[in-house]
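> this one's sequence-less:
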């Protein structure tokens, strides 16, 4: 039975409305997808903002973090940067790597550091590029120094009837080693290695904090300090939190009173699996982080749990 003209018109109108709603649904999907992607990357959805970079836990080399920080320097929406640090430090190369990347960020954007519970060793190193460093009265910072840890089990192995056989090209190859006694020559070689980067660390402080080297050497002996003590030593600039840091940026850098702070994520999505499950429990996480550290370290430690 042929359809009437009115019925045909109704169907045309219905198809048109369906296509219109389909188009709206697709556009909404694209917008929501973009917002979700932006949130995942820690990007503010349009407009100028202050980027908050969070440095938490053990500091190691991280190419993904470096790439994100490089992208930050080119982002015209970012008017200033807050580096929020809560870390005991990490590897020497990890700290140096982060220091140099944040130094580039500070060249491109007004940058401040806000220390949390702890910002020691390599974490203090990472705070240095900032134009102004804030900390709480009770923040633990300092611990300026370098260490290399090893173990030696030769005597224990002998009691168990075990002899280690090591053939190497020269006496100083592969030291320190658990399977042989550390000789005076070996100890001197390692101490020279540690001293060399310790001097690099001191030079970073001299340059960044505009302090005489002799003054820095007076307290750069591995000691930790409270925020109040660090302020008196000029290791930091002000007692305060993020609120005070934002107020300083607005006043000194002419930022709008309405500007907001947004997280700028630099870390990768956490790995899945049993290790990640255990890592969710703080004691296990701390132990796993501690065990993962290798090479020269710039970290504040207390027993097996790093905190």
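In hand now; what should we look at? Model, not experiment: these values are computed from the prediction.

> next, residue 93: secondary structure please.
helix (DSSP: H, G, I helix; E, B strand; the rest coil).

> wait, it touches residue 62, no?
No. With contact defined as CB atoms under 8 Å, residue 93 does not reach residue 62; the gap is 10.8 Å. C-beta coordinates here come from the backbone N, C-alpha and C atoms, glycine included.

> need the contact list for residue 78.
By CB atoms under 8 Å, 6 or more residues apart in numbering, the contact list for residue 78 reads 48, 49, 50, 51, 72, 109, 264.

> recalculate using a threshold of 6 Å.
Residue 78 is in contact with 51, 72, 109, counting by CB atoms under 6 Å, 6 or more residues apart in numbering.

> what sits against the closest residue to the last one other than its chain neighbours?
It stands for residue 109. Take residue 109 and drop its neighbours on the chain: the residue closest to it by CB to CB, 6 or more residues apart in numbering is residue 81, 4.9 Å away. Residue 81 sits next to 51, 105, 109, 111 when contact means CB under 6 Å, 6+ apart.

> could you look up the SS state of the nearest residue to the last one once chain neighbours are set aside?
In space, not counting the residues next to it along the chain, residue 111 is nearest to residue 81; the distance is 4.5 Å by CB to CB, 6+ apart. Remark: residue 81 carries the secondary structure label strand [criterion: three-state DSSP].

> who's residue 81 bridged to?
Taking DSSP bridges as the rule, residue 81 bridges to residue 51, residue 111.

> ok, now how distant is it from residue 149?
Separation of residue 81 from residue 149 (CB to CB, to the nearest Å): 34 Å.

> could you do residue 173 as well?
19 Å.

> go on, residue 297?
7 Å.

> neighbour count: the two, which is higher?
Using other CB atoms under 10 Å, the more surrounded residue of residue 297 and residue 149 is residue 297, with 25 against 12.

> and that one, how far is that from residue 230?
Counting by CB to CB, the gap from residue 297 to residue 230 is 21 Å.

> and if you look at residue 256?
31 Å.

> so which of these two has more stuff around it?
More crowded of residue 256 and residue 230, by other CB under 10 Å: residue 230, with 24 against 9.

> secondary structure element holding that one?
Assigned by DSSP states H and E, residue 230 falls within helix 227-232.

> re earlier: where does the residue nearest to residue 111 land on pLDDT?
For residue 81, the model assigns a pLDDT of 98.

> pick the one among the contacts of residue 81 closest to residue 197.
residue 105 (22.8 Å; CB to CB).

> secondary structure class for the closest one?
Going by three-state DSSP: residue 105 is helix.

> OK, contacts around it?
Residue 105 touches 69, 73, 81, 111, counting by CB under 6 Å, 6+ apart.

> out of those, flag the one nearest to residue 187.
The shortest gap between residue 187 and any of those belongs to residue 69, at 37.8 Å (CB to CB).

> tally of neighbours for that closest one?
Counted by other CB under 10 Å, the residues lying close to residue 69 total 20.

> mind checking how far it is from residue 53?
Computed as CB to CB, the residue 69 to residue 53 distance reads 7 Å.

> over to residue 144?
For residue 144 relative to residue 53 (CB to CB), the value is 22 Å.

> same check on residue 300?
21 Å.

> spell out the secondary structure type for residue 165.
With three-state DSSP as the criterion, residue 165 reads coil.

> any idea how far it lies from residue 178?
With CB to CB as the criterion, residue 165 and residue 178 are 14 Å apart.

> hey, what's in contact with both of the two?
What both residue 165 and residue 178 touch, as defined by CB under 6 Å, 6+ apart, is an empty set.

> comparing these two, which shows the higher neighbour count?
residue 178 (12 against 5).

> so the more buried one touches residue 155, yeah?
No. Between residue 178 and residue 155 there is no contact under CB atoms under 6 Å: 11.4 Å.

> got the contact list for residue 83?
53, 113.
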